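prediction below, plus the sequence it came from.
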Amino acid sequence: MPSPLRALRLGLIILLILIGTALSASWAMQHAKRQAMQADARRASEQLTLYANGLHTLIERYRALPAVLALDPQLIDALRGPVGEPLQRVLNHKLERINGAANSSTLELLDHTGLAVAASNWRLPTTYVGSNYGFRPYFKQTRVKGRGSFYAVGVTSGVPGYFLSSAVTDEQGRFLGAMVVKLEFPELEREWRQGNDDVLLVSDARGITFIANQNGWRYRELLPLSDDDRAELAQTRQYDKQPLIPLQHQLLSRFDERSTLRRVKGPEGSADYLWESLPLTTEGWTLHLLRKPQVSEDARNAALLGAAVWLSLAFAVLFVSQRLRIARLRQRSREELTRLVEARTRELRTAQEGLVQSAKLAALGQMSAALAHEINQPLTTQRMQLETLRLLLDHGRIEQARQALEPLEHMLTRMAALTGHLKTFARNSPGGLRERLDLAGVVDQALELMDTRLRSEQVEVALYLARPAWVRGDAIRLEQVLINLLRNALDAMLDKPYKRLEIRIEAGDGQWRLSVLDSGGGIAQADLAKVFDPFFTTKPVGEGLGLGLAISYGIVHEAGGQLQVDNLPGGARFTLTLPRDLEPAC
Ligand code: ADP
């Protein structure tokens with residue numbers, strides 16, 4: 001693959017791993033967060049129930065108070081007619097005392113028009129006494145149903161509170177007025193605020209918060225108000241001059257009907273909250289608990305775990321695919337290598353065949369040249385001599401003619417020797433005889449054949465022959481080798497005054513060693529390596545063909561042996577080694 005492509009691939013893989021890591025980490029984190037939030041939501045919901053019970057108990061404690069006071073004969077009597085100042089003072093004192101004992105916020109007595117004829121807060125400049133509350137819903141409820149309740153900001157005092165009222169009636173059940181107790185919740189809000197980061201809210205049926213344990217959350221619209229709602233609020237003056245501000249919130253996730261995750265634009269800015277709601281059925285209110293979700297250690301650990309799982313998976317996949325790729329590459333390169341080797345072998349074989357062919361041609365050329373030279377010269381001489389012979393016979397000079405025949409005969413003998421060599425060469429085909437023979441016997445035979453020449457040239461022959469020396473081979477051909485060696489030795493010693501030939505047969509390591517040593521002065525160092533080459537000769541033209549040693553070398557090798565040459569002081573030594581054969585069992 002070209003390297004830009006590979007780089008691109010690598011880049012893509014890394015990108016994929018990174019994206020995968022981010023995705024799996026965030027998925028694991030979200031999952032863990034949601035789990036944690038759900039658990040949190042359950043806890044919050046339980047706490048909310050406790051808060052609701054507390055609020056309920058508080059209200060219930062005071063709900064009976066106006067009902068009991070409405071039975072007070074003094075109060076009933078007072079409402080039967082107009083209340084004069086002395087009576088009003090009596091009533092004010094009475095309500096003040098009861099209010100102190102009951103620990104409520106305010107007690108007031110309204111006549112049948114809703115006019116406050118007496119109140120526990122008569123001493124304050126913001127006292128209710130003298131104000132008419134006929135427009136307040138709780139008064140209307142009381143007149144109709146006998147009792148009423150209403151949360152409102154005090155029109156006179158400006159202090160918000162929960163008004164609980166009971167009808168005051170005469171013996172005939174006629175409506176005379178209403179006994180009202182007002183509860184204020186700063187105490188409760190303070191209590192809810194303590195050691196608590198949660199936001200606790202109470203909203204009315206319209207979704208307007210009126211109790212809050214933290215600043216800035218009171219008088220907020222949780223739901224959009226209709227025009228009717230607004231008109232009614234204006235009429236009842238429920239929240240009087242308090243401005244109502246919408247609280248913006250957006251649903252992010254819902255765990256169940258009353259449990260959600262919301263993004264809320266609170267007084268301190270936007271934040272996510274777990275939002276639990278619980279309806280307070282008796283009052284028609286709803287209690288809310290808002291809690292900031294904690295990014296727990298667990299979520300972080302889950303993200304890490306998610307990333308780790310993804311990374312291990314990704315690396316496992318990469319590892320396996322890499323292994324497969326390497327295996328594929330190996331297989332491919334093995335095949336490539338095999339193909340290359342085969343191709344190279346074929347090329348080599350062709351080249352070798354070509355070389356062999358040209359070597360053969362070269363040898364043929366050399367041999368033809370040598371043969372032509374060897375044969376042409378004697379032929380020319382012979383023709384001339386035949387001419388001479390004819391002339392001599394024409395003149396009847398028989399005796400001279402006979403003498404002239406001699407060189408002719410000599411030349412023919414030489415040519416016969418030449419063809420003899422060639423015949424040997426032709427016979428040098430692989431697979432000679434492999435008979436058991438005694439090397440010493442071969443030496444005897446060769447010496448016998450060379451006897452005439454040895455005598456005429458007065459050569460001293462020294463023999464050290466171990467016998468029998470059993471080897472395997474072709475006796476005739478080995479004899480030829482030996483004759484060759486002897487002839488070369490005699491040729492080398494031809495012009496030497498002292499001629500000595502030494503032939504040895506010695507036992508070697510599992511072989512027989514036959515050496516022929518002469519006193520012919522040895523072979524020039526530069527020629528030592530060439531003497532076995534075909535057509536190498538130092539003899540004058542017409543005397544040597546340079547084939548003797550080449551043929552001998554071939555014969556010895558064929559018999560499984562070796563032919564070597566070295567120089568000793570005084571002459572050359574040819575050594576022939578052949579594997580030792582077993583003694584014949586006679
Ligand atoms: P040829 O005898 O026709 O030259 P050979 O192959 O028998 O061919 O010998 C090759 C050459 O090796 C000879 O020409 C000679 O120079 C050298 N040679 C062989 N034997 C001896 C020897 N015993 N002493 C010195 N030179 C030798």
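All right, it came through fine. Numbers count the residues shown, from 1 in each chain.

which parts of the stretch 101-250 of the chain are strands?
In the stretch 101-250 of the chain, the strands defined using DSSP state E, counting those that start in this stretch lie at 106-111, 116-119, 147-153, 160-169, 175-183, 199-203, 209-212, 220-221, 245-246, 249-256.

with mean pLDDT, mean neighbour count and distance to residue 405 added, can I get the ones you listed in TSV?
C-betas here are computed from N, CA, C, even on glycine. Shown next, in TSV, are the strands of the stretch 101-250 of the chain (pLDDT from 0 to 100; neighbours: other C-beta atoms under 10 Å; distance: least, C-beta to C-beta, whole Å):
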stretch	mean pLDDT	mean neighbour count	distance to residue 405
strand 106-111	92	26	179
strand 116-119	91	24	185
strand 147-153	87	20	168
strand 160-169	90	23	168
strand 175-183	92	25	172
strand 199-203	91	24	151
strand 209-212	89	22	158
strand 220-221	91	19	156
strand 245-246	89	12	154
strand 249-256	87	13	137
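
Throw those strands into JSON lines and include distance to residue 396, thanks.
Compiled in JSON lines, those are given as follows (distance: least, C-beta to C-beta, whole Å):
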{"stretch": "strand 106-111", "distance to residue 396": "193"}
{"stretch": "strand 116-119", "distance to residue 396": "199"}
{"stretch": "strand 147-153", "distance to residue 396": "181"}
{"stretch": "strand 160-169", "distance to residue 396": "182"}
{"stretch": "strand 175-183", "distance to residue 396": "186"}
{"stretch": "strand 199-203", "distance to residue 396": "165"}
{"stretch": "strand 209-212", "distance to residue 396": "171"}
{"stretch": "strand 220-221", "distance to residue 396": "169"}
{"stretch": "strand 245-246", "distance to residue 396": "166"}
{"stretch": "strand 249-256", "distance to residue 396": "150"}
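
to residue 438, which of these lies closest?
Closest to residue 438 of these is strand 249-256 (C-beta to C-beta; 113.7 Å).

just the CA atoms of the closest one, as CSV, please.
Taking C-alpha atoms only, strand 249-256 is exported to CSV below (Å, rounded to 0.1, in the frame of the first residue of the first chain):
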residue,chain,number,x,y,z
HIS,A,249,-37.8,25.7,33.4
GLN,A,250,-37.3,23.1,30.7
LEU,A,251,-37.9,19.4,31.0
LEU,A,252,-34.7,17.4,30.3
SER,A,253,-35.7,14.0,31.5
ARG,A,254,-38.6,12.4,33.3
PHE,A,255,-38.2,9.6,35.8
ASP,A,256,-41.8,9.3,36.7
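
that one pairs with which strands, and in what direction?
Taking DSSP bridges as the criterion, strand 249-256 pairs within the sheet with strand 259-266 (antiparallel).

off-centre distance for whichever helix or strand comes after the strand it pairs with?
Next in sequence after strand 259-266, counting helices and strands by DSSP states H and E, comes strand 269-280. In terms of C-alpha atoms, centre = their mean, to the nearest Å, the centre of strand 269-280 is set 48 Å apart from its chain centre.

list the buried residues for strand 269-280?
Residues of strand 269-280 classed as buried: 272-278, 280 (neighbour count, 16 or more other C-beta atoms under 10 Å).

so which bits of this protein are right by the ligand?
Residues of the chain lying near the ligand by C-beta under 6 Å from any ligand atom: 484, 488-489, 492, 518, 520, 523, 531, 536-539, 544-550, 572.

restricted to strands, list these.
Counting by DSSP state E, those place residue 572 in strands.

burial count for residue 434?
When counting by other C-beta atoms under 10 Å, one arrives at 14 neighbours for residue 434.

can you tell me the closest non-neighbouring residue to it?
Leaving aside its sequence neighbours, residue 434 sits nearest to residue 472 (C-beta to C-beta, 6 or more residues apart in numbering; 5.0 Å).

surely the one you found touches residue 439?
No - if you go by C-beta atoms under 8 Å, residue 472 and residue 439 don't touch, sitting 10.6 Å apart.

okay, and the common contacts of the two?
Common contacts of residue 472 and residue 439 (C-beta atoms under 8 Å, 6 or more residues apart in numbering): residue 578.

neighbour count for these two, which is higher?
More crowded of residue 472 and residue 439, by other C-beta under 10 Å: residue 439, with 26 against 17.

for that one, give its distance to residue 447.
From residue 439 across to residue 447, the span is 13 Å (C-beta to C-beta, to the nearest Å).

ok, now residue 413?
For residue 413 relative to residue 447 (C-beta to C-beta), the value is 22 Å.

and for residue 292?
Counting by C-beta to C-beta, the gap from residue 292 to residue 447 is 125 Å.

kindly report the same for residue 556.
Counting by C-beta to C-beta, the separation of residue 556 from residue 447 is 19 Å.

hmm, back to that, between residue 292 and residue 447, which one's more packed in?
Each of residue 292 and residue 447 has its neighbours counted (other C-beta under 10 Å); residue 447 has more, 17 against 14.

alpha carbons of the helix or strand where that one lies, as PDB, please.
Following DSSP H and E, one finds residue 447 within helix 439-449. C-alpha atoms of helix 439-449 as PDB (Å, rounded to 0.1, in the frame of the first residue of the first chain):
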ATOM      1  CA  LEU A 439      47.000 -52.100  -8.000                       C
ATOM      2  CA  ALA A 440      50.500 -53.600  -7.900                       C
ATOM      3  CA  GLY A 441      49.500 -55.900 -10.800                       C
ATOM      4  CA  VAL A 442      48.500 -52.800 -12.800                       C
ATOM      5  CA  VAL A 443      52.000 -51.300 -12.100                       C
ATOM      6  CA  ASP A 444      53.700 -54.600 -13.200                       C
ATOM      7  CA  GLN A 445      51.700 -54.600 -16.400                       C
ATOM      8  CA  ALA A 446      52.500 -50.900 -17.300                       C
ATOM      9  CA  LEU A 447      56.200 -51.400 -16.500                       C
ATOM     10  CA  GLU A 448      56.200 -54.400 -18.800                       C
ATOM     11  CA  LEU A 449      54.700 -52.300 -21.700                       C
END
